[in-house]
Structures are given as structure tokens and as C-alpha cells.
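I'd like to go over a predicted model; first the sequence, then the structure.
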Amino acid sequence: MSDASRRLRTEPLNDDLIASVAAAVWVPHRYIVAEMMKAFAADMEAYRTIIDDLIAQMTRTISAALAGDTDRVDTLQWIAEWSRSYQRMVPFMIRGAAEALQESLVEADTLAMFCRSPEGGVFRAHVLIGAAEDEATAGGDRQRIGDLVDLAFLELCRGIDASREIMPWLPPFPFSGESRAERGARALRYAEAFRVNGSPEEHAAFQAAIAGRST
Amino acid sequence: MTWLFDTCAVSSYLARNPKKRSPELLPIWSSAQLDGIFLASATVYELRRGARELRLRDEGLRLEVDLEKLLRSVYVLPLDDFGGKVWRTAAEIWARGRTLKQHVSFGEVDLLIAATAIANARTLVTMDRGLSKALAQVGHADAVHFIAPPVSES
């Protein structure tokens, strides 16, 4: 697993690399999760506490490495909130889940397909955020940590959207206590971030694509 | 007033170059946030395709992230809810346009966005003069709030 993380921290980040690393990590990951589910089947509260602690630790470590980059710390908050929501569903998935995990995706072709599929997005996000945490722990490259966080967020979006038919729906907005006005204000802040974060060339290409023009 | 923003009104609001942002648009966005920002699913398609094209060219990672966060913070009105009311409204508008003495035609995505606004009793904020005029011709002048594009755009 450390080799997989190293690849994500050092090699050019693209879909092929992410899918390949996810496929390499799947078997040990599956084993660890299945063993955890067995161990905590009788005490899901303890399971949730451990997962919450791991998510909090991940958030602290990466946030510290990204200090001052408020947009990316916000993106990390989305990932953390969604991860917590996802884990809260575990009690509803636990019955037979360990066995299903052990049996699933044993064929290399099926596994490779899953690791490239939209449904595999949640898993890819998990792998990416793990690499971001490793890079942050090692005091590594801030830009790479930010890119890993951004990619993890997009993979999570893709995975959650694609999984709507096969699992309980996670709310699209993790900050569930907010009023409409607070949510509207947040939308405007993201619009402002969109304006300042892209280069003029990127904005020109974006506007052209929306309008169906070539640049 | 309950608004629904057309794609061009979102695109203008998101423009990096201030000259491409219509000053008339800003107070509408500000007031709309109190009710939540509403978009049609067809607009989400148009915005997302722009971000995806960039990413497939290995550009715009942060833009795509910001756009996704924005899209997950607005309210998206779908095409298929309520027994296909939006589709039915779109078909009605399209047919009305065709039966006028001087035919009025619509771009398909423009029509679906306008129908989403009308079917959900929201006022469409658009900078598309042609769409605004066409909707008035088929009896939906009240459903549109036209904003002139900034001078550099018009």
C-alpha cells in the first residue's frame, strides 16, 4: 500500500495512474475492511468512533499542510463530511457486507473495470486522500497535496452520484444544518472562488465550451 | 420574485473578466441567495460539459472543483419530476411556436431551461435576447426577465 501511495505522490497524476493504483490497493484494503467489520459487528458504535477519529486525524494533518489555502481546506471539509456520512451508513450495510466484500471483485478484469468505473469513484477518492495524508505527514509538496485533495473530491462526487441506484443516497450537501440563505451565500462564495482560481485561458475555454464554440 | 438562472446568466456571473459580468445581474444574484440559487438540470449539463472539456485537456482542475461545489450548493430542478411536467411544458411551447403565423423556433437546451422555469413557476433570468423575444411571442413574456449583455458582449 505504501508503494501505491508513493506512486500517487510522485508520478504524473492521470486517470490511468489512479485506476492502476486503486486496483493494486483493492485486495489489502478489502481484507482490512472485512476484518474490521467482523471485529466490530457487535459494536458499531466503537467502529464509528474509530472511523471518526481517523477522519479527524486525516483532516488535521492535511489542513495543516494546506494552511492558508482556504478553498482547498474547504474542499477537504467536503470530503471529511461526506466520509462521515458514508460511514454512518455502515450499520445498514453490515449484514453480509463482509462476506460480499470478500467475494466481490476477485477477477482481475472485473476489478480493473471497477477501478475505472464511476461506481469506483468513492474507492479512488479514499486512495487519493490517503496519499494526500501520507504526503502531508512527510512534509511533502503542498501543490501535490492540493491536487490529490481536488482529485479525491471529484472522484467522490462521481462515485456518490453513480452509486445512487445501489446504496442509500448521501445528501448532495454535507452541511445539512444550513438554511437556504446560508447555502445561497455559500454558492456565491464558490462562484467567487471559480472566478479567481482559473487562468484567463481556462476561463476562455470554459466559456467557449458552454456556448458550443471552439476556442 | 423566485428566479431561475439561464446558463448565459450563470456564465456571465462566473466570468473572470469583469467586463463580461453584467452589472444588472449582480443584485439579482445577491437577492436570489436568500431563497437559494435555482438552476435547471439542462444548465448543469452545459456548465459541467465546459469543465469536463477542460479537464480532458489536463487543465482546469481547480475550476472543476469550484464548479462542483457550486453545483452542489444550488438547487437543481430536474426535467423528469412531477409526471414529466417540464417535458410537457416544453412540448407545448415548441408547438405554439410552430403554429404561429411567423414560426418561432427554439434551441433545444434553451427550450428545456425555459420550460423548467415555467413549469416550476419561476422567472427565467436570461441574457439571451432571442430566447426572451421568442418566449414573449408564445405568451410567456411574464416568465422571463431579460438582462442586456454587457457592452463588450453585445
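Great, that's in hand.

Quick check, the residue in chain A closest to chain B?
Nearest to chain B in chain A, going by Cβ to the nearest Cβ, is residue A:184, at a distance of 3.0 Å. To be clear about C-beta, it is placed using only N, CA and C from the backbone, and glycine gets the same treatment.

which ones are touching that residue?
B:32-37, B:73 (Cβ atoms under 8 Å, 6 or more residues apart in numbering or on different chains).

between these, which has the most around it?
residue B:37 (26 neighbours; other Cβ atoms under 10 Å in any protein chain shown).

wait, that residue sits on residue B:74?
Yes - between residue B:37 and residue B:74 there is a contact under Cβ atoms under 8 Å: 4.2 Å.

Would you mind grabbing the residues shared as contacts by the two?
Common neighbours of residue B:37 and residue B:74, counting by Cβ under 8 Å, 6+ apart, are residue A:187.

Is any residue of the lengthiest helix in chain A near chain B?
In chain A, assigned by DSSP state H, the helix with the most residues is helix A:15-39. No - against chain B, helix A:15-39 shows no contacts by Cβ under 8 Å from any Cβ of the partner chain, the least distance being 9.6 Å.

can you give me how far that helix is from the chain middle?
14 Å (Cα atoms, centre = their mean, to the nearest Å).

Give me the helices and strands touching that helix, please.
helix A:2-10, helix A:44-65, helix A:97-103, helix A:108-116, helix A:121-137 (3 or more Cβ pairs under 8 Å, 6 or more residues apart in numbering or on different chains; DSSP states H and E).

right, and those helices - which one's nearest residue B:145?
Taking Cβ to Cβ, helix A:121-137 is the member of those nearest to residue B:145, at 37.7 Å.

That closest one vs helix A:2-10, what angle?
Orientation of helix A:121-137 against helix A:2-10 (axes from the mean of the first three to the mean of the last three Cα atoms, to 10 degrees) gives an angle of 80 degrees.

can you list the residues of chain A near chain B?
So chain A meets chain B at A:14, A:71, A:74-75, A:78, A:147, A:150-151, A:153-154, A:157, A:172-173, A:180-181, A:183-188, A:190-191, A:193-198, A:200-203, A:205-211 (Cβ under 8 Å from any Cβ).

Buried subset of these, written for PyMOL?
Selecting only the buried entries of the residues of chain A next to chain B in PyMOL, with 16 or more other Cβ atoms under 10 Å in any protein chain shown as the criterion:
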select buried, chain A and resi 71+74+75+78+147+150+151+153+154+157+173+183+184+185+186+187+188+190+191+193+194+195+197+198+202+203+205+206+207+209+210
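
In strands, which of the residues of chain A next to chain B appear?
In strands, defined here by DSSP state E, there are no members of the residues of chain A next to chain B.

filter the contacts of residue A:184 down to the ones close to chain A.
The overlap between those and the neighbours of chain A (Cβ under 8 Å from any Cβ) comes to B:32-37, B:73.

Would you mind confirming that residue B:122 is in contact with residue B:6?
No - in this structure residue B:122 lies outside contact range of residue B:6 using Cβ under 8 Å: 11.1 Å.

In terms of neighbours, single out the busier of those two.
Set residue B:122 next to residue B:6 and count neighbours by other Cβ under 10 Å: residue B:6 wins out with 31 against 19.

Now the more buried one: closest residue in space, sequence neighbours ignored.
Excluding the flanking residues, the one nearest residue B:6 by Cβ to Cβ, 6 or more residues apart in numbering or on different chains is residue B:126, at 3.8 Å.

ok, the one you found - contacts?
Residue B:126 is in contact with B:6, B:8-9, B:132, B:144-147, counting by Cβ under 8 Å, 6+ apart.

Swap in 6 Å and give it another go.
Residue B:126 sits next to B:6, B:9, B:132 when contact means Cβ atoms under 6 Å, 6 or more residues apart in numbering or on different chains.

Show me what it is bridged to.
Residues in a beta bridge with residue B:126, per DSSP bridges, are residue B:146.

Tell me how far it lies from residue B:25.
10 Å (Cβ to Cβ, to the nearest Å).

Over to residue A:79?
Per Cβ to Cβ, residue A:79 is found 32 Å from residue B:25.

Tell me which of these two has more neighbours.
Legend: neighbour count by other Cβ under 10 Å for residue A:79 and residue B:25, higher for residue A:79 (24 against 21).

what sits against that one?
Residues in contact with residue A:79, defined by Cβ under 6 Å, 6+ apart, are A:152-153.

which of the ones next to chain A among the contacts of residue A:184 lies closest to chain A?
Checking the ones next to chain A among the contacts of residue A:184 against chain A with Cβ to the nearest Cβ, the nearest one is residue B:33 at 3.0 Å.

thought the closest one was touching residue A:186?
No - between residue B:33 and residue A:186 there is no contact under Cβ atoms under 6 Å: 8.8 Å.

Model confidence score at residue B:123, please.
Note for residue B:123: predicted pLDDT of 97.

what's the burial count for the nearest residue to it once chain neighbours are set aside?
Closest residue in space to residue B:123, ignoring its immediate chain neighbours: residue B:145 at 5.2 Å, by Cβ to Cβ, 6+ apart. Counted with other Cβ under 10 Å, residues neighbouring residue B:145 total 18.

next one: residue A:161
Residue A:161 has 15 nearby residues by other Cβ under 10 Å.

Let me see the ranges of the strands in chain B.
B:3-5, B:38-40, B:75-77, B:123-126, B:144-146.

With residue B:60 as the reference, measure out to the residue nearest to residue B:123.
The spacing between residue B:145 and residue B:60, counted by Cβ to Cβ, is 30 Å.

how many neighbours does the residue lying closest to residue B:93 once chain neighbours are set aside have?
Leaving aside its sequence neighbours, residue B:93 sits nearest to residue B:138 (Cβ to Cβ, 6+ apart; 5.5 Å). Residue B:138 has 20 neighbouring residues, counting by other Cβ under 10 Å.
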